[in-house]
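J.: coordinates for the following, if possible.
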Amino acid sequence: MAIDVKLDRILVPVDGSNHAAEAVDIASDIAKRRGASLVLIHVTEDFTKRAIPDHLRQFARIERLDVEQMMRAVANKLLDAAKARAAENDVDEIETVPDSGDPGDAIVNHVKAAGIDLVVMGRRGVSSLESLMFGSVSLKVSQLADCAVLTVK
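T.: Take a look at the predicted model:
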């Protein structure tokens, strides 16, 4: 019995972790089999909005610009590597999306805005100690996304 489930767009959050690389491989296999397009997203956490002591504010603007440029460059390299990996797995349609902000929120927002049918993501990434205390990105996405979420380890 064949199940006809709409599966046109698959989103894969990438962060440079081994879990994310495996998610790219699995999502690539699904996309290839179903003729779906693959959307790779990297979300840079916006840590520049954290409190800056008054006596350091004059330096913060210059430093923030340098850090933002560096983070954009890292995001582009991660997305390029994930795109190359997906292309090696014979995926025809691959889109990359650099974003910033809270990773869970950004991923969920992109699911809604881009008509994503499935999210494939690593169960754990390169996130901080905060994720252990307040919940992981994959948990947040699985609870809030308006589509199926496949987590891989």
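J.: what is the least confident helix or strand in this protein?
T.: Among the helical and strand segments of the chain, the one scoring lowest on mean pLDDT, DSSP states H and E is helix 129-134, with a mean of 44.
J.: where does this protein dip in pLDDT?
T.: Low-confidence segments of the chain (pLDDT under 70): 1-3, 46-65, 124-135.
J.: could you point out the longest helix in it?
T.: Counting residues, the longest helix in the chain under DSSP state H turns out to be helix 57-88.
J.: distance from the helix or strand that that one is followed by to the middle of the chain?
T.: Heading C-terminal from helix 57-88, the first helix or strand you meet, by DSSP states H and E, is strand 94-100. Computed by Cα atoms, centre = their mean, to the nearest Å, the chain-centroid distance of strand 94-100 equals 8 Å.
J.: what packs against strand 94-100?
T.: strand 37-44, helix 57-88, helix 103-114 (3 or more Cβ pairs under 8 Å, 6 or more residues apart in numbering; DSSP states H and E). Heads up, the C-betas are built off the backbone N, CA and C, glycines and all.
J.: out of these, indicate the one that is most buried.
T.: Ranked by mean neighbour count under mean count of other Cβ atoms under 10 Å, the helices and strands packed on strand 94-100 are led by strand 37-44, which reaches a mean of 23.
J.: His42 is in contact with Gly101, isn't it?
T.: No. His42 lies out of contact with Gly101 (Cβ atoms under 8 Å); the separation is 11.7 Å.
J.: three-state assignment of Lys6?
T.: Of the three states, Lys6 takes coil under DSSP: H, G, I helix; E, B strand; the rest coil.
J.: quick one: it and Lys153, what's the gap?
T.: 26 Å (Cβ to Cβ, to the nearest Å).
J.: likewise Val111?
T.: Applying Cβ to Cβ, one obtains 21 Å for the distance of Val111 from Lys153.
J.: same deal with Arg33?
T.: Counting by Cβ to Cβ - Arg33 and Lys153 are separated by 21 Å.
J.: what does Ile94 give?
T.: For Ile94, the distance to Lys153 - Cβ to Cβ - is 23 Å.
J.: pick out whichever of these two has more residues nearby.
T.: Shown here are Ile94 and Lys153; by other Cβ atoms under 10 Å, Ile94 has more neighbours (21 against 10).
J.: got the contact list for the more buried one?
T.: Contact analysis of Ile94 by Cβ atoms under 8 Å, 6 or more residues apart in numbering lists 37-40, 83, 86-87.
J.: no further questions, thank you.
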